[in-house]
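A.B. asks: need a structure here:
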Amino acid sequence: MASTDNKGDGCGCRSWAIAALVYLGFFVGLTYLPPMDSLVAPNERENPTTCSVELAAVKGLQPALAPGATSPAFDLIVHVDNGHTFHLTHGGGDVVVSYAGVPLARGRTPSFQLACKETTALPVKATSEGVGMPDDLFRLMTEERRWGVAQIQIELKLAWESFVCDVDLDGRPRVSACYAPTSINEY
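C.D. replies: Predicted coordinates:
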């Protein structure tokens, strides 16, 4: 004779139903969490990390087929301002120097640690494996320099943020402010 005791349904369906409800509840709960940037204290959003770049020296901006052509190289000074009220630690990041969308040189920022509200200046050398520039790109740069509108674009990553800096190639030393890109290109 079969037992009339109904302690289980024999297939473990009740356990599976409870597990599914817990799992579903977890993911529904995640959708109601606030966005990560709203979890930062209000003054942290107002005082973010900012940076600027100074073009200290340039060499190798000549056509690839020119006699004595060398690889493009840029000596940069990256100024970082930690506007946050917490320490900023950076293990080094990629730097790409481009002209008219064509990468000319690559480098890395050194590692650093900044206390809250501190600033620092980092030397960065960006170099290239190639020799000189393509002729078309060199002609474009020559014309734009003549018109006074030639700019190189410097993309860099500091800590967990990406920055882009547009630096004039007019021969005058100046510090160019960087901005957060609207879309991040992989470089």
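A.B. asks: Wasn't L65 part of a strand?
C.D. replies: No. Per DSSP: H, G, I helix; E, B strand; the rest coil, L65 lies outside any strand segment and is coil.
A.B. asks: list the contacts for it?
C.D. replies: Each residue near L65 by CB atoms under 8 Å, 6 or more residues apart in numbering is listed here: G132, D135. (C-beta placed from N, C-alpha, C; glycine too.)
A.B. asks: try 10 Å this time
C.D. replies: Taking CB atoms under 10 Å, 6 or more residues apart in numbering, we find L65 in contact with V131, G132, P134, D135, F138.
A.B. asks: buried subset of the residues you listed?
C.D. replies: G132, F138 (16 or more other CB atoms under 10 Å).
A.B. asks: So which of the contacts of L65 sit within helices?
C.D. replies: D135, F138 (DSSP state H).
A.B. asks: Looking at the contacts of L65, which one is closest to G60?
C.D. replies: Of all the contacts of L65, the one sitting nearest G60 is G132; the distance, using CB to CB, is 6.7 Å.
A.B. asks: Show the pLDDT at the spatially closest residue to E161 that is not a sequence neighbour.
C.D. replies: Nearest non-adjacent residue to E161, counting by CB to CB, 6 or more residues apart in numbering: T49, 6.0 Å away. Per-residue pLDDT puts T49 at 86.
A.B. asks: again with the one 4 residues further on
C.D. replies: Note for V53: predicted pLDDT of 96.
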